[in-house]
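Asker: Make a model of this:
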Amino acid sequence: MAHVSSAPQGQLDLGGDAAEGGDAPDQIPMDDAIAALKPMLEDPSILKVGQNIKYDIQVLGRYGIEVGPVDDTMLLSYVVDGGLHGHGMDELARDFLDYDTIKFKDVAGSGKSQISFDQVPLDKALDYAAEDADITLRLHNIFKPRLVTEHMVTVYETLERPLLGVLRDMERRGIKVDATVLKDLSADFAARMGDLEIEIHKLAGHEFNIGSPKQLGEILFDEMGLEGGKKTKTGAYGTGADVLEELAAQGHDLPQKVLDWRQLSKLKSTYTDSLVGDIDPKTGRVHTNYSQAVAATGRLASSDPNLQNIPIRSEEGRKIRTAFVADKGHVLMSADYSQIELRLLAHVADIDVLKQAFHDGLDIHALTASQVFGIPVEGMDPMVRRRAKAINFGIIYGISAFGLARQLGIARGEAGEYIDAYFEQYPGIKDYMERTKEQAKKHGFVETVFGRKCHVRGINDRNPNMRGFAERAAINAPIQGGAADIIKRAMIRLQDALDDGGLKARMLLQVHDELIFEVPEDEVEKTREAVTQVMSGAAHLSVPLDVDVGTGANWDEAH
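Answerer: Numbering: from 1, shown residues only. Prediction:
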């Protein structure tokens, strides 16, 4: 068994080149280090244990070292204690070993004076690296046996550990991003923001800083005399989206234009401007980082940059996706699980009418509207279906009458009647929710269809707000977590399925229920068949798993 030690992410320099003018200690020549380490790191009979080992295998892979087999103490901790605490080495060492680790800043400094790890004096580097390996071994000895006692072997061995290599490959590939498209969008957003600023200032009667909530509040409620102004603890009026939307719904132009301005400002600063800087100049692609040990439900998180929150709900937001493009001779393929959370709700709550509807391929939102409102599906008003859709998805997240009322723009009493009618038609869902809450209160966790334990903190809290939040999380966790487990299993199987089929398509991104592939133009149909087969067969539920597949030159076209 070997124990991997590494510097913090982004600080490991295997090149061994000292910064100009630095007094760096002599380093082992790179070729000698690789020659010594490669046989052991690739030996299939030696288990390599690391903390956040995906980073290490990512870096070593750049130097031709394919590390394996591996264990990851961060993932072991996450699988047995997901939702209870953080899973970084410092926190785990403190909580489980009563030990304070050496901090990287104490070894290499911080800020502008920080040096790279190859410049650290060897005695300091040795202490830091040896401690890393020692702590990793001790944590492994604690968490690996708990897989058996906590009945989490299957989740770790068939989902989380094999996913490491899949994510490593996806991060390495990245996705091509057209900087010209982003710059053109940024210029367009800036021009339209300028036009809106002129209109907003005209409506206000004078210029002011639209980005200042304080100044905006004074304009709306003091100068214009609009009703509904409420001051916060700071003494300024609240001007959040909910406040502006309420004013806009009353027919006031200025708050609506401010909402439009804010949307464009957010798109420009968060996406079009920042994504340009995220493009790797060597590859022309953006390489995100996926984190497995964040969400208690098992969902993946994306960062540096976050590619899971690229907007899709608005027309303006979708334009951002046009910048994500296929390489020459390829198309992007989007494969998206259709209504997977509603399907899982029907499965775990065992609702016969919903299960049959999914088997029959019916419009589930129209069916719900028909059941709840007592109207025929034929000739249904789209507005009625939209309300049913909001109820369907809202129920999964434990939506309140207040939340549904705000979402649909209706009275709270009317929203409450909709929710009551829903539970009258589907009493099994109410029963499932009550059972799930009771299980969480009794055991402190709920489980997904794959057996993942999602711990729920605060489920027995005396504070009703904290307890209510925990109850909603408990209801949602088996559904959201089940969907996360299903797509993870599909991702693991897809890598082999594409290779076995002799297909050159490669998986690039995962956005919760959606997978993005780069596919050679002459392999689209075969890839579509392989992807659909693997994803639809990733779990055997009492409802079918339908997969929507699209292709295009860019992500927006493919979705």
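
Asker: any chance you could map the strands in the stretch 451-559 of the chain?
Answerer: 453-455, 506-511, 514-520, 547-552 (DSSP state E, counting those that start in this stretch).

Asker: which other helices and strands contact the longest one?
Answerer: In terms of contact count using 3 or more CB pairs under 8 Å, 6 or more residues apart in numbering; DSSP states H and E, strand 514-520 is assigned the packing partners strand 175-176, strand 330-337, helix 464-500, strand 506-511, helix 524-536. All C-beta atoms are positioned from the backbone trio N, CA, C, and that covers glycine.

Asker: ok, residues contacting it?
Answerer: Strand 514-520 is contacted from outside by 173, 175-176, 324, 326-327, 329-337, 487, 490-491, 494, 504-510, 527, 531, 535, 551, 555, 558-559, using CB atoms under 8 Å, 6 or more residues apart in numbering.

Asker: which intervals of this structure have sub-threshold pLDDT?
Answerer: Where the chain drops to pLDDT under 70, the residues are 1-23.

Asker: the domain parsing of it - what is it?
Answerer: 2-150, 179-278, 295-347+447-559, 352-425 (automatic domain parsing).

Asker: now the strands for the stretch 251-400 of the chain?
Answerer: 285-286, 289-291, 301-303, 330-337.

Asker: And L345, how far from Q425?
Answerer: Look at L345 and Q425: by CB to CB, to the nearest Å, they are 14 Å apart.

Asker: scratch that, E525
Answerer: 41 Å.

Asker: now D242
Answerer: 30 Å.

Asker: again, but for V372
Answerer: 6 Å.

Asker: who's sitting farthest from the centroid in this structure?
Answerer: G205 (43.1 Å; CA atoms, centre = their mean).

Asker: Distance of the nearest residue to that residue once chain neighbours are set aside relative to L254?
Answerer: Of all residues not flanking G205 in the chain, E223 sits nearest, at 7.4 Å (CB to CB, 6 or more residues apart in numbering). From E223 across to L254, the span is 10 Å (CB to CB).

Asker: between those two, what contacts are shared?
Answerer: A204.

Asker: And these two? Which one has more around it.
Answerer: Shown here are E223 and L254; by other CB atoms under 10 Å, L254 has more neighbours (21 against 12).

Asker: Do I have it right that the more buried one meets A204?
Answerer: Yes - counting by CB atoms under 8 Å, L254 touches A204, with 6.5 Å between them.

Asker: Residues in contact with both of the two, list them for me.
Answerer: The contact sets of L254 and A204 overlap at 219, 224 (CB under 8 Å, 6+ apart).

Asker: ok, back up a step: let me know whether the residue nearest to G205 touches Q215 as I believe.
Answerer: No - if you go by CB under 8 Å, E223 and Q215 don't touch, sitting 10.2 Å apart.

Asker: Show the contacting residues for the residue nearest the centre of the chain.
Answerer: Residue closest to the average C-alpha location in the chain (CA atoms, centre = their mean): A301, at 3.5 Å. Contact analysis of A301 by CB under 8 Å, 6+ apart lists 290-291, 294-295, 308.

Asker: One more pass at 6 Å, please.
Answerer: A301 makes contact with 291, 294 under the criterion CB atoms under 6 Å, 6 or more residues apart in numbering.

Asker: distance of it from A295?
Answerer: Per CB to CB, A301 is found 6 Å from A295.

Asker: Same check on R385?
Answerer: Applying CB to CB to R385 and A295 gives a distance of 31 Å.

Asker: Please apply the same query to K319.
Answerer: 28 Å.

Asker: the more surrounded of D242 and Q425?
Answerer: Shown here are D242 and Q425; by other CB under 10 Å, Q425 has more neighbours (18 against 10).

Asker: Name the nearest residue to that one, sequence neighbours excluded.
Answerer: In space, and not counting its chain neighbours, Q425 is closest to Q371: 4.3 Å by CB to CB, 6+ apart.
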